[in-house]
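Asker: The amino acid sequence is not available; the structure is as follows:
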């Protein structure tokens, strides 16, 4: 019968070979450093993205740029939407404990049984709005968003539309969205 390790976990002082019974903490210590991947050529769309960096919390410009590259690789072609997605700091709209997952293409809990939509879903919804007849690459006029949530999509919409109106029925999320959007003066 395998015995669970005691706490606090004690790490070996010498580099011991890995075995099937090696603890996760030991693996993390003895695992060799990962070399960064080569940087691919920068596409014209990617050059247009100028992510914000406030110096507070997660400085995620490169992570956002990687997210935008993935969106482009998945077929999103609207440069205005790609730039907006690369500008808005998604990690500011999720709980601090989830900030490391903010730029993954996944929905994350925001409280009250609700989630922030996947970046791919947000980008595709906005790109579809921008395909309306008569827009052809222009800034949208007035947009109504039903379900503000944490305010992330409203922030992205604010970069591709002149006016954004957003309605949230849950008071806790309304307050959270207001708190998230206020520093951005949106």
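Answerer: Great, that's in hand. A quick note: this is a predicted structure, and the numbers were derived from the prediction, not measured.
Asker: low-scoring stretches of this structure, by residue?
Answerer: Regions of the chain meeting the criterion pLDDT under 70 cover residues 1-59.
Asker: can you give me the strands for it?
Answerer: Assigned by DSSP state E, the chain shows strands spanning 108-111, 114-116, 140-146, 161-167.
Asker: now for those, which one comes closest to residue 78?
Answerer: strand 140-146 (11.4 Å; Cβ to Cβ). C-beta here means a position set from N, CA and C on the backbone, and glycine is covered the same way.
Asker: Sheet-wise, list the partners of the closest one with their directions.
Answerer: Paired neighbours of strand 140-146 in the sheet (DSSP bridges): strand 161-167 (parallel).
Asker: buried set for the partner strand?
Answerer: Counting neighbours by 16 or more other Cβ atoms under 10 Å, one finds that the buried residues in strand 161-167 are 161, 164, 166.
Asker: Touching, the last one and residue 148? I think so.
Answerer: Which is residue 166. Yes - between residue 166 and residue 148 a contact is recorded at 4.2 Å, counting by Cβ atoms under 8 Å.
Asker: which residues are in contact with both of the two?
Answerer: 154, 177 (Cβ atoms under 8 Å, 6 or more residues apart in numbering).
Asker: circling back: any chance of the strands of the chain in JSON lines, with distance to residue 133 too?
Answerer: What follows is the strands of the chain, written out as JSON lines (distance: least, Cβ to Cβ, whole Å):
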{"stretch": "strand 108-111", "distance to residue 133": "34"}
{"stretch": "strand 114-116", "distance to residue 133": "30"}
{"stretch": "strand 140-146", "distance to residue 133": "12"}
{"stretch": "strand 161-167", "distance to residue 133": "16"}
